[in-house]
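Enquirer: compute the structure for the input listed below.
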Amino acid sequence: MENKAEDVRILNDDARKTLEKTFKDLKNRITLEVYTKDGVNEPYNQLAVKFVSELMGISEKIVGRFYKMGDERSEKMGVTRSPTILIEPEKYRIRYTGAPAGEEGRSFIQTIVMASRGDSGLSPKGRKRLLDLRDRRAVQVFVTPACPYCPGEVATANASAIERPDMISSEVVESAENIDLAKQFNVGSVPQTVVNGKTINLGLQTEEMFIEGMITLIPHEVPTKRTMTDDLVGEFDLIIIGAGPAGLTAAIYAARSGLHAIMLEKSVPGGQVALTPLIENWPGMASIPGKQLVDMMVQHAKSYAHMHEGEEVTEIKVGKRIEAITPSGRYVADALLIATGATQRKMGVPGEDRLYGKGVSYCSTCDGFFYKGRDVAVVGGGNTAMTDAIHLNSLGCKVTIIHRRDGFRAEQRLLDNVAALKIPTMLNATVSEVRGDRNVESLAIKDSITGKESVLKTDAVFVAIGETPMSEIAASIGVEVDESGFIKVDSGMRTSIPRVYAAGDVIGGVRQIVTAVGSGSIAALTVFADLSSARSKKK
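Expert: Below is the predicted model:
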């Protein structure tokens with residue numbers, strides 16, 4: 001049954017130009033089947049139809065077919081939710097349950113390209129491991145439009161379905177459009193990956209972890225024996241560990257100085273900036289979403305240097321040259337920059353770990369949607385906590401801010417916004433326990449002055465109490481760190497070990513995007529100067 005989208009464009013000129021370039025890589029024609037039901041998720045139905053229709057207009061290799069649920073085709077394909085989009089359904093079992101809105105538009109386009117090529121793009125190790133799969137796997141990845149980590153998880157799920165179409169199906173579930181299904185699997189944090197009806201992971205996994213969990217059906221399983229190799233991947237002037245603002249900036253400055261650099265990022269690029277709903281102190285921009293700023297930085301850096309995502313450095317060797325060891329092999333260079341950043345600090349109280357993803361969250365951008373109209377608490381007193389509180393309030397959450405001191409340390413503009421919104425606060429208060437059975441139900445609160453305890457009823461707690469430096473890899477080779485674990489550097493970002501440098505949040509100090517960018521540029525220029533000097537002395 002044919003259906004036409006209304007003549008209202010949802011892709012702007014820039015997006016269309018980008019997609020025109022992307023779709024030049026399409027090899028075979030790709031069929032997208034869109035299923036809708038009148039009166040159900042109507043705005044999303046329209047979005048799905050319009051999106052696919054516009055993609056058809058960009059490339060003649062994209063064929064769209066539009067059906068109504070309840071007809072013969074929908075029953076044959078087992079479509080029960082509106083909207084649903086199937087990608088090349090005669091060959092693969094990949095579906096988007098819900099329109100691919102926001103961040104998920106990226107994974108949708110990526111999947112179209114992979115399916116057109118008939119190539120999953122998985123690593124040789126991933127392909128080999130999937131050959132061991134003997135039983136069918138039905139993968140569901142629950143996402144939200146604002147989650148920056150979700151597309152990475154979805155891409156691996158869809159790639160696996162392309163690699164083993166005989167054994168693996170992949171379903172991307174937009175939680176906002178399928179609330180009942182999200183509740184069925186007790187989704188409170190995304191991405192959440194379910195395989196054969198069993199949750200195997202919360203959060204973004206590396207390709208290796210995803211495939212292992214999918215095959216073994218063991219939640220959060222990290223292989224105890226990782227197959228390592230001594231193969232030389234490549235030789236460089238500079239290895240950059242971490243692709244946050246500091247690492248991205250360093251890559252740009254290093255390449256522009258003539259250095260051959262590579263970035264190794266164990267997760268997704270951007271660091272914590274990607275999780276910031278709105279940034280209002282970036283020079284030249286009155287306000288910009290954190291994810292948008294990160295995307296601009298990433299694209300800029302990638303135009304200068306190679307970036308390997310999902311590749312964790314497990315060991316560093318310092319000798320005549322420096323080696324960074326990953327599961328893929330050895331990267332060798334003359335210098336190393338550690339820009340691993342910092343991670344959200346935990347409260348360290350009973351119930352926090354047990355209820356993570358079930359009301360305990362460290363990302364309001366990712367998980368705030370699930371608590372619209374419900375009671376939530378934000379723990380912290382800095383810029384991040386205030387930004388989270390404002391963001392959650394804008395979603396319709398009933399927010400209470402809890403802070404252990406008698407005053408906040410956030411910027412005055414944020415404090416003014418919080419006051420204008422009349423968001424309740426609890427000062428001189430600490431959380432002593434997170435309570436609940438399957439989900440967060442309340443917080444035990446202790447008055448830090450009187451010692452009196454009370455209970456705050458809440459459906460979620462968003463923790464924003466500072467950061468812990470991710471400096472373990474640096475400490476493992478003897479790099480000097482301070483009492484809090486931040487790496488010590490001089491004015492040129494040199495560490496205590498020659499030819500090893502550090503930049504960004506991992507060095508402490510004022511942890512802001514602009515300072516991370518500044519330290520990244522300084523580090524790259526110092527590396528260039530030091531290597532140039534050393535090489536000239538050898539002549």
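
Enquirer: stretch 450-460: how far from the chain's middle?
Expert: Centre-to-centre, stretch 450-460 and its host chain are 32 Å apart (C-alpha atoms, centre = their mean, to the nearest Å).

Enquirer: which residues does it contact?
Expert: 188, 359-361, 367, 370-371, 374-377, 400, 402, 426, 432, 435, 439-447 (C-beta atoms under 8 Å, 6 or more residues apart in numbering). Yep, even glycine has a C-beta here, placed from its N, CA and C like the rest.

Enquirer: and these, which are buried?
Expert: The neighbour count (16 or more other C-beta atoms under 10 Å) marks 188, 359-361, 367, 370-371, 375-377, 400, 402, 426, 435, 440-446 as buried among the contacts of stretch 450-460.

Enquirer: domains of this structure?
Expert: 13-216, 232-343+473-538, 360-463 (automatic domain parsing).

Enquirer: ok, which of those comes nearest residue 349?
Expert: Shortest distance between residue 349 and those, using C-beta to C-beta, is found for domain 360-463: 5.5 Å.

Enquirer: quick one on the thing from earlier: sitting in helices, which of the buried ones among the contacts of stretch 450-460 do you find?
Expert: residue 367 (DSSP state H).

Enquirer: what residues does the residue nearest the centre of the chain make contact with?
Expert: Note on the chain: the residue nearest the mean C-alpha position is residue 149, at 2.3 Å, using C-alpha atoms, centre = their mean. By C-beta under 8 Å, 6+ apart, residue 149 lies in contact with 190, 191, 203, 204, 267, 268, 366.

Enquirer: tell me which two of those residues sit farthest apart.
Expert: Pairwise distances among these were taken by C-beta to C-beta; the largest, 14.8 Å, belongs to 190 and 267.

Enquirer: of these two, which one has the most company?
Expert: Taking other C-beta atoms under 10 Å, residue 190 and residue 267 do not tie; residue 190 has more neighbours (28 against 19).

Enquirer: do you know how far the more buried one is from residue 202?
Expert: As judged by C-beta to C-beta, to the nearest Å, residue 190 and residue 202 stand 8 Å apart.

Enquirer: all strands for the stretch 201-350 of the chain, in order.
Expert: Secondary structure of the stretch 201-350 of the chain by DSSP state E, counting those that start in this stretch: the strands cover 232-241, 261-265, 306-309, 315-318, 322-326, 329-338, 342-344.

Enquirer: what's in contact with the last one?
Expert: Surrounding strand 342-344, the residues in contact under the criterion C-beta under 8 Å, 6+ apart are 272, 362, 463, 464, 465, 467, 468, 469, 470, 505, 506, 511.

Enquirer: now it: mean pLDDT?
Expert: Averaging pLDDT along strand 342-344 yields 89.

Enquirer: what strands flank it, and is each parallel or antiparallel?
Expert: Strand 342-344 pairs in its sheet with strand 467-469 (antiparallel), by DSSP bridges.

Enquirer: per-residue confidence for residue 225?
Expert: pLDDT, residue 225: 40.

Enquirer: same check, this time on residue 149
Expert: At residue 149, the model reports a pLDDT of 82.

Enquirer: tell me, how many residues neighbour residue 300?
Expert: Neighbourhood size, residue 300 [other C-beta under 10 Å]: 13.

Enquirer: cool, residue 472 as well?
Expert: 10.

Enquirer: now swap in the one 3 residues further on and tell me
Expert: With neighbours defined by other C-beta under 10 Å, the count for residue 475 comes to 13.

Enquirer: what's the answer for residue 216, then?
Expert: The tally of other residues near residue 216 (other C-beta under 10 Å) stands at 12.

Enquirer: cool, and residue 184?
Expert: By other C-beta under 10 Å, 11 other residues sit near residue 184.

Enquirer: how much space between it and residue 175?
Expert: 11 Å.

Enquirer: next: residue 400.
Expert: Distance of residue 400 to residue 175, given as C-beta to C-beta: 24 Å.

Enquirer: so who does the closest residue in space to residue 242 that isn't next to it in sequence touch?
Expert: Nearest residue to residue 242, sequence neighbours excluded (C-beta to C-beta, 6 or more residues apart in numbering): residue 339, at 3.8 Å. Residue 339 makes contact with 240-244, 246-247, 250, 502-504, 506, 520, 523, according to C-beta under 8 Å, 6+ apart.

Enquirer: can you tell me how far residue 339 sits from residue 244?
Expert: Residue 339 sits 6 Å away from residue 244, taking C-beta to C-beta as the criterion.
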